[in-house]
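> Got a sequence here, can you build the structure:
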Amino acid sequence: MKPNLWRRTRIGKYLRHLPRIKHIRGTWLHRRLGDRLFHSQLWHPTRRRFAGGMAVGAFFAMIPAPGQTLGAGLLAYFTRVNVPAAVAATWISNPLTMAFFIYAQYRIGCLILWHGPSEVPTNDILELLKHAPVPFLVGVLPSAAILALIVYPLSLGLWDFFTARIHARRAAPGDPVGKQVTGSNRPNPIP
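Just a heads-up that it's a prediction; the model follows:
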């Protein structure tokens with residue numbers, strides 16, 4: 001799709017309100033972060049940069065602190081991996097999954113500290129954290145590293161799977177999606 005035609009798509013009516021690069025140049029953000037912020041490596045996904053961004057986002061998703069998205073975005077910026085993938089991967093931890101992650105981090109911390117879980121009932125996560133915060137805090141970083149190490153090869157595998165499906169669909173004979181539109185056969189983009 002040509003760069004100026006995305007505005008005519010269904011999602012384009014929402015995306016056109018986002019600031020463009022020419023509007024951001026010269027602002028305080030551009031002065032602080034420089035032209036590296038606009039480099040295409042950070043925004044257009046490639047196989048390894050996408051997987052790296054997913055791993056960075058998964059690491060920050062396991063850290064129960066405010067600013068997960070900002071931290072993942074900044075680390076993705078400095079490590080030159082895909083920023084949108086890192087930001088999206090922080091959504092692994094949400095209000096529905098966070099209780100499971102907190103309990104898993106508590107159990108990992110108990111394993112590392114070589115003592116059993118406390119006698120506090122485990123059906124109330126906040127009560128558990130109030131009476132035994134040390135095992136939880138010890139289990140945060142190992143669980144984040146474990147999830148990042150799991151997400152990286154999983155993202156590589158999913159990237160390969162989906163790109164193989166896309167290439168197979170394009171190569172299928174008689175498939176109108178795979179045909180190239182050239183010359184005067186090109187449809188008019190304006191309905």
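> Counting by contacts, list what the longest helix along the chain packs against.
For the chain, the longest helix by residue count, based on DSSP state H, is helix 133-171. In terms of contacts (3 or more CB pairs under 8 Å, 6 or more residues apart in numbering; DSSP states H and E), helix 133-171 is packed against helix 47-61, helix 98-113. Placement of C-beta: from N, CA and C, glycine included.
> Deepest in the core, which of these is it.
Stretch with highest mean neighbour count among those: helix 47-61 (a mean of 24; mean count of other CB atoms under 10 Å).
> Tell me the predicted confidence for Ile21.
In this model, Ile21 is scored at 71, pLDDT.
> how about the nearest residue to Val151, chain neighbours excluded?
Leaving aside its sequence neighbours, Val151 sits nearest to Ala58 (CB to CB, 6 or more residues apart in numbering; 4.1 Å).
> isn't the one you found right next to Ala145, touching?
No: applying CB atoms under 8 Å as the test, Ala58 and Ala145 come out as separate, 9.8 Å apart.
> circling back: show me how far the longest helix of the chain is from its chain's centre.
Put simply, helix 133-171 sits 10 Å off its chain's centre (CA atoms, centre = their mean, to the nearest Å).
> Give the buried residues for it.
For helix 133-171, the neighbour count (16 or more other CB atoms under 10 Å) marks 135-136, 138-141, 143-144, 147-148, 151-152, 155-156, 159 as buried.
> what mean pLDDT does it have?
92.
> got the angle between it and helix 98-113?
Orientation note: helix 133-171 sits at an angle of 120 degrees relative to helix 98-113 (axes from the mean of the first three to the mean of the last three CA atoms, to 10 degrees).
> Give me the residues contacting stretch 55-71.
72, 75-76, 79, 81, 85-93, 98, 101-102, 105, 140, 143-145, 147-152, 155 (CB atoms under 8 Å, 6 or more residues apart in numbering).
> how much space is there between the residue nearest to Leu149 when sequence neighbours are not counted and Leu154?
With CB to CB, 6+ apart as the criterion, Leu149 has its nearest non-adjacent residue at 7.6 Å, and that residue is Ala55. Computed as CB to CB, to the nearest Å, the Ala55 to Leu154 distance reads 9 Å.
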